[in-house]
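Novice: starting from these lines, generate the structure:
(chains A and B)
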Amino acid sequence: MSRLLQRAGWRYFRARPWQLGLSLLGVALGVAVVVAVDLANQSAGRAFALSSEALTGETTHQVLAGPSGLPADWYVALRRDHGFRQSAPVVEGTLESTLEPGRSLRVVGIDPLAEAGVRPIFGGLATGGGLGEFMADPDAVWMLAEDLARLGLAVEDPLPVTVQGAERELRVAGALRPESAMDVEGLRDVLIMDVAAAQELFERGDRLDRVDLILRDAAERDAVEALLPGDAQLLPSDQRRDTLADMTRAFRLNLTAFSLLALLVGAFLIYNTMTFSVVQRRPLIGQWRAIGVGRHQIMRLILGEAALIGLAGTIVGVLLGIGLAHLMLDLVSRTINDLYFVLSVRSVNLSPVSLILALLLGPVVSVLAAAVPALEATRIPPRAVLSDSHAEGAARRGMPRLLITGLVLLAGSGGLLLLPLGGLLPAFAALFLLILGAALLVPALLSWMMRPAGWLCGRLFGLPGRMAARGVRIGLSRTGIAAAALMVAVSAIIGVGSMVDSFRVTFADWLDVTLQSDLYVSVPGDSHLHPELVRDLRVLTGVAGSSTAFQTRASDGEQRHRLRVFELDATPDRAFSLLQGDAETVRTRFADDGLLITEPFANRQDLQPGDSIALRTPAGVRELDVLGVVQDYGSSEGAVIMARGLYSRYWDDERIGSVGLRRADGVSAEALEQAVRETVGDRQAVRLQSSEAVRELSLQVFDRTFTITHVLRLLATLVAVVGILSALTALGLERAREHAVLRAIGLTPAQLWRLVTLQNGLIGLAAGLLAVPLGIAMSAILTQVINQRSFGWSLSLQVSPALLLEAVLLALLAGLLAGLYPAWRASRQSPAMALREENG
Amino acid sequence: MIRISGLCKAYLEGGRERRVLHDFCATVAAGERLALVGRSGCGKSTLLNLMSGMDRPDAGSIHVDGIDVASLGEREATLFRRRHIGFVFQFFNLVPTLTVLENLLLPLELNGFDRHRGHQDARELLDAVGLPDRENSFPDRLSGGEQQRVAIARALIHRPRLLLADEPTGTLDATTGDQVLALLDAVSRERQLTTILVTHSTEVAARMDRVLDLSHPEGV
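Specialist: Numbers count the residues shown, from 1 in each chain, chains lettered A, B, ... in the order given. Prediction:
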């Protein structure tokens, strides 16, 4: 391509640093969000894999305990009598250090003597000098040297922790210094202690959580399988890891989709910039064509410029994204901790594949976005000047085509949702088609909206009012893009906001149904109440009724399901919101002859009332009928719900996680709490929470879980504000001559300021109003389809008028803000100078 | 009556100062019709901009009916232009977002004139410039000559004291240019309007009362 053409292109952008800068910023922000989410997701995934690997070591299989745990005797027999020497017992639990409140530490109780052949990383402990002390001292823990340094601790220092509802002091007996960096990552926030000490710490008696094994062949596997206690399960190590990773897949996919939304808005910016650059250079391109520059050369020039802007923006975006990933990482791992399992992710993993993909993504999206304006540029006839009005005329003539394409895309979106395809990808495709389709309708809708707006503004502000509205219509090829970009961003605010609102309201309603007691007594962490204490509390004077709850895991032979065991205060059909199933059947059979399952569980396992689930119990496999499906937002993995009576029939396990107490008439909340405190005394450190406090705490966790969604929404908004700023700035600069004429015939700077501001305000307001139906449609897809398919939760759609008003006002404000610079420039520039420049 | 004395104006171009007007002096009598001629870049358009208050001189003064335009602040200069100046540009410069009638009404509205009377005046003027049936058209629907006639009507509608025309026929063909000039000629004579017209054409200049060659300002 001609160097002179390139130079002309470069000088064009150099003369418009604002326009160029804002486009770069738009791409950079879009790419940054994608990179940050991708890196955070990858880092969380890698941390999980490393943690699993470090703690799994060479093991090929794991024996996982059922609700009643694995008896230590069984393990001893397995190792000693049946000769499975390469086996190691594990007891796990979580606690918090008071040095770092809010951060969970994972305790892994091991037998150092058994580790040598199983997990080389801990095998070293057996040869260390402090082994005897480690095994003899029930408070001794080993932890990563890096973690010790972070906590400001040294070997032999006390480590204050909260466990089982009580404060306790552990002792740092040694520092782990794995040679491999991957093992260092895997052992972050892990405390290693002797298995007997961990049993004592978590009050497990002589029970184990699992036994890790190295099995050489199928015969060995069958042998272990034959020895398993009734409710235990033998699984390949990698299968368990995959199951856990699967749980977070939908969550991570959702994040990725949101990040792509930001990039989509970024692509609008590139399209916008390149369209402006073509529109503004029409006369120049016409002249080039007249002197023999070919269509392909023009095409290459425009696409080349877009690729360069895309590349420059991408480089900035990748750097910005790496920074942003550190912030996201915390939010992503916090959400995984809240929703799924304890995971410590501290470092961003810079995956070369992710970075290369991101570096390609920006320029590719930029070139694609510039394709339409580039094609338009090649169609400019070889004449010196083509007036704006002709260009706009062409834009207006193309409007029906855009309108039809938009409607076709919308129909496609609806079709994808109606087809019984299932899965998340068609749902996200429908969402993106909806956004693109709606964006294509904007020019036509904007043009129609400006007719009544012009009449109204004319009545209110006279001629300048009419001029403002007409200006929007006349410059439709530019104002349409600006309004579309803003509409997309504002609709994302409405869509995501409504989704979170819907979730919150449904969740709060569900809490109201679930929390039927007045006071809840529990032990913090994954510990249990002493059975005698529970008995005493339930017969306390002033208690009209009580319920108990306990959570464990039970296996169906292939998967381990979350099992919730309840002794209810009310009939089951009142204690739960029944979504499917017959209330009478649930009432009569739940106590001792069937199960309830939660909605996500039903969706994930494809089960409904009338089906049955086979559960492994110490007495063998038991087929239990599914009586009903109940609403539940406690876990996206889902759970099986069983009555205490039925549970006790199969498992010899009296553990209770929490007790709910209902006040008798005339007993105050304070009096009941006082009575409970007196009964508990110093028998156990328990947590007392009123149902209001539980509700509030649950909502706090809920809000924390959605922080990342808010951050992504904020970033998408930022991209859009940059977009509208860029579009309206360019529009304002393009109208410099018109503004100069107005100044020449006597418009004061203040009047011109008002005119430009009014025009931009109209664009902002129109975009805001158009965003309302799109936002509601997005919200419907997000709540009714995407959430349902991702997490299995059905939500009732909530659209708050306050949110809609806020979004429309935000769009108006964005429009007004974006108009500040062009208005300021127009009102300050000497009209003589502007006319001379433009008339050239 | 316009009195210009010691007027200087220079522009920075590529880091170098280019003097356009240097110690320029001139007087224009009330109702006089003056043609400004001279080679390109000699300061003709600059002088119009300075007289209308759109640009500021580096030194010197411009008195229009006793008002020192050069000393006016931004707002006063705008109000001065709004009330007293009618401007006709080479490239018409009609406001594309307003109809022909609204382009004419704009100066009246800015000056706070009666709306009803404004409509009447605007229609009379459109009649006078030969475009009675185009009041609802947008500028881009008009030919160059028609646009310039609307521009002349817009420059006259608020009855200014001074009409400034910067190469008003520069982009028109000879016939259309003649028609536009005839119109300007007639209107300025009829209204006894002080008129300053920039042109490269000696024929056009010959129609005016006096010719001032800015390439040789000493000859004034």
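Novice: top helix in the chain by residue count?
Specialist: I went with chain A, as the question did not name one. helix A:295-339 (DSSP state H).
Novice: right idea, wrong chain: chain B
Specialist: helix B:174-190.
Novice: now do it, average pLDDT.
Specialist: When pLDDT is averaged along helix B:174-190, the result is 84.
Novice: likewise stretch A:643-657?
Specialist: pLDDT averaged over stretch A:643-657 gives 88.
Novice: can you pull the buried residues of that stretch?
Specialist: A:643-644, A:646-647, A:650-651, A:653, A:655-657 (16 or more other CB atoms under 10 Å in any protein chain shown). (Each C-beta comes from the backbone N, C-alpha and C, glycine too.)
Novice: what of stretch A:615-635?
Specialist: Buried-residue list, stretch A:615-635, by 16+ other CB under 10 Å: A:615-617, A:622, A:624, A:626-635.
Novice: what's the longest helix of chain B packed up against?
Specialist: helix B:144-156, strand B:162-166, strand B:194-198 (3 or more CB pairs under 8 Å, 6 or more residues apart in numbering or on different chains; DSSP states H and E).
Novice: does any bit of the first one sit next to chain A?
Specialist: It stands for helix B:144-156. Yes - counting by CB under 8 Å from any CB of the partner chain, contacts between helix B:144-156 and chain A involve B:R154.
Novice: contacts for that helix, please.
Specialist: A:745, B:86-89, B:92-94, B:100, B:103-104, B:106-107, B:122, B:125-126, B:128-131, B:134, B:139, B:142, B:163, B:165, B:168-169, B:171-173, B:176-177, B:179-180, B:183-184, B:187, B:191, B:193 (CB atoms under 8 Å, 6 or more residues apart in numbering or on different chains).
Novice: mind checking which of the residues you listed are buried?
Specialist: A:745, B:86-89, B:92-94, B:100, B:103-104, B:106-107, B:122, B:125-126, B:128-129, B:131, B:134, B:139, B:142, B:163, B:165, B:168-169, B:171-172, B:176-177, B:179-180, B:183-184, B:187, B:193.
Novice: ok, then the element right after the longest strand along chain A?
Specialist: Longest strand in chain A, counting residues (DSSP state E): strand A:543-555. Using DSSP states H and E, the helix or strand that follows strand A:543-555 towards the C-terminus is strand A:560-567.
Novice: give me the sheet partners of that following strand and which way each runs.
Specialist: strand A:543-555 (antiparallel), strand A:640-643 (parallel) (DSSP bridges).
Novice: tell me how far that strand is from the chain's mean position?
Specialist: Here the centre of strand A:560-567 is set off from its chain's centre by 27 Å, with CA atoms, centre = their mean, to the nearest Å.
Novice: let me know the pLDDT of the closest residue in space to A:I745 that isn't next to it in sequence.
Specialist: Spatial nearest neighbour of A:I745, chain neighbours left out: B:P107 (5.6 Å); criterion: CB to CB, 6 or more residues apart in numbering or on different chains. pLDDT recorded at B:P107 is 85.
Novice: distance check, B:P107 against B:L156.
Specialist: 9 Å (CB to CB, to the nearest Å).
Novice: hmm, back to that, buried set for the longest strand of chain A?
Specialist: Buried, per 16+ other CB under 10 Å, within strand A:543-555: A:543, A:545-555.
Novice: try stretch A:92-108
Specialist: Buried residues in stretch A:92-108 (16+ other CB under 10 Å): A:92-97, A:104-108.
Novice: of all the residues you listed, which comes closest to chain B?
Specialist: Checking those against chain B by CB to the nearest CB gives A:S104 as the nearest, at 62.9 Å.
Novice: the closest one reaches A:S97, doesn't it?
Specialist: No - using CB atoms under 8 Å as the test, A:S104 is too far from A:S97 to be in contact (9.4 Å).
Novice: re the thing from before, nearest to chain B, of the buried residues of strand A:543-555?
Specialist: Distances from chain B to the buried residues of strand A:543-555, taken by CB to the nearest CB, are shortest for A:Q551, at 67.8 Å.
Novice: number of nearby residues for A:H296?
Specialist: Neighbour count of A:H296, defined by other CB atoms under 10 Å in any protein chain shown: 10.
Novice: show the pLDDT at whatever residue of the stretch 551-700 of chain A ends up closest to chain B.
Specialist: Nearest residue of the stretch 551-700 of chain A to chain B, counting by CB to the nearest CB: A:L699, 51.7 Å away. For A:L699, the model assigns a pLDDT of 80.
Novice: kindly report the same for the one 5 residues further on.
Specialist: For A:R704, the pLDDT comes out at 69.
Novice: the residue in chain A positioned nearest to chain B: neighbour count?
Specialist: Proximity of chain A to chain B (CB to the nearest CB) peaks at A:G746, 2.6 Å away. Neighbours of A:G746 under the rule other CB under 10 Å: 23.
Novice: need the contact list for the residue lying closest to it once chain neighbours are set aside.
Specialist: Spatially, and ignoring its direct neighbours in sequence, A:G746 is nearest to B:R82 (2.6 Å; CB to CB, 6+ apart). By CB under 8 Å, 6+ apart, the contact list for B:R82 reads A:745-747, B:107, B:110-111, B:158.
Novice: repeat the analysis, applying 7 Å as the threshold.
Specialist: A:746, B:107, B:110-111 (CB atoms under 7 Å, 6 or more residues apart in numbering or on different chains).
Novice: break chain A into its domains for me.
Specialist: Domain segmentation of chain A under automatic domain parsing yields A:1-60+A:241-386, A:69-230, A:442-515+A:695-840, A:524-685.
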